[in-house]
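# Sequence first, then the predicted structure, then my questions.
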Amino acid sequence: MGAFLGGAAVGLGAHEGGHLFFDLLFDADPGIKKVEFHGIPFFAITHRADVSRRQELAIASAGFWVQHAGSEWLLTKRPQLRRERAPFEKGLLAFNVLASVAYAGAAFAEAGPAERDTRGMAVSARISEPWIGAMILAPAVLDGWRYFNPEARWPVWASRAAKVGVVLLLLR
């Protein structure tokens with residue numbers, strides 16, 4: 001159980017590290033802010049409010065980009081992961097999939113702290129937040145499919161296309 005939770009913790013750190021990387025790249029003065037959702041405390045990595053729309057989109061999306069890259073690497077390198085004894089890797093993949101599902105749910109409901117990633121993406125891309133939720137949910141569902149059905153080929157390419165679609169928001 002410890003290795004599984006360790007993988008999930010690394011997933012969380014990688015997600016937040018993605019935000020921090022772009023905050024530093026854009027000299028956006030990163031900081032940490034305590035936030036809560038229905039009384040559950042957690043934190044958000046924040047930055048200056050005067051970053052450009054594209055910079056905001058990159059910063060807000062970066063956690064998902066890291067999750068997508070990590071899941072893609074795991075499922076490509078180890079397509080039979082479900083059948084392996086690999087609790088750390090399974091914890092990492094579980095975090096990536098479940099965090100995306102949770103973020104998508106918040107996006108569909110347009111609920112949660114103002115600092116939520118999907119809201120930042122929606123505002124900066126000028127797209128309705130539920131659409132962002134769908135864009136975040138699709139790779140998670142497809143990666144779950146890949147985990148449980150590694151012999152299926154179509155989810156591999158559909159998942160990759162969905163992940164690229166999130167990056168292509170920068171062109172909007």
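Sure thing, it's come through.

# does P41 count as helix, strand or coil?
Three-state assignment for P41 (DSSP: H, G, I helix; E, B strand; the rest coil): strand.

# Now do the contacts for it.
Shown in contact with P41 (CB atoms under 8 Å, 6 or more residues apart in numbering): K34, V35. All C-beta spots, glycine's among them, are computed from the backbone N, C-alpha and C.

# Swap in 7 Å and give it another go.
By CB atoms under 7 Å, 6 or more residues apart in numbering, the contact set of P41 is K34.

# looking at the sheet around it, what are its partners?
P41 forms beta bridges with E36, as assigned by DSSP bridges.

# what pLDDT does K33 get?
K33 carries a pLDDT value of 88.

# Tell me if it really is in a strand.
Yes - according to three-state DSSP, K33 belongs to a strand.

# now the lowest-mean-pLDDT helix or strand in the chain against strand 31-37, angle please.
Using mean pLDDT, DSSP states H and E, strand 40-46 stands out as the lowest-scoring helix or strand of the chain, at a mean of 84. Relative orientation of strand 40-46 versus strand 31-37 (axes from the mean of the first three to the mean of the last three CA atoms, to 10 degrees): 150 degrees.

# Tell me the gap between strand 40-46 and the middle of its chain.
Relative to its chain's centre, strand 40-46 lies at 15 Å (CA atoms, centre = their mean, to the nearest Å).

# Which SSE is immediately downstream of it?
Using DSSP states H and E, the helix or strand that follows strand 40-46 in sequence is helix 53-77.

# outside of that next one, which residues touch it?
Contacts for helix 53-77 (CB under 7 Å, 6+ apart): 11, 14-19, 21-23, 26, 28, 47, 51, 81, 89, 92-93, 96, 99-100, 117, 120-121, 124-125, 136, 139, 143, 146-147, 160, 163, 166-167, 169-170.

# Just the buried residues of those residues.
11, 14-16, 18-19, 21-23, 26, 28, 47, 51, 81, 89, 92-93, 96, 99-100, 117, 120-121, 124-125, 136, 139, 143, 146-147, 163, 166, 169 (16 or more other CB atoms under 10 Å).

# Geometric centre of this protein: which residue is closest?
Centroid check for the chain by CA atoms, centre = their mean gives F64 as the closest residue, at 2.5 Å.

# centre of the chain versus stretch 144-157, how much separation?
On the basis of CA atoms, centre = their mean, stretch 144-157 sits 19 Å off its chain's mean C-alpha point.

# State the mean pLDDT of it.
Mean pLDDT, stretch 144-157: 97.

# What segments of this protein are helices?
In the chain, the helices defined using DSSP state H lie at 2-25, 53-77, 87-109, 117-125, 129-148, 154-168.

# what's the most buried one of these?
Sort the helices of the chain by mean neighbour count, taking mean count of other CB atoms under 10 Å, and helix 117-125 sits at the top with a mean of 22.
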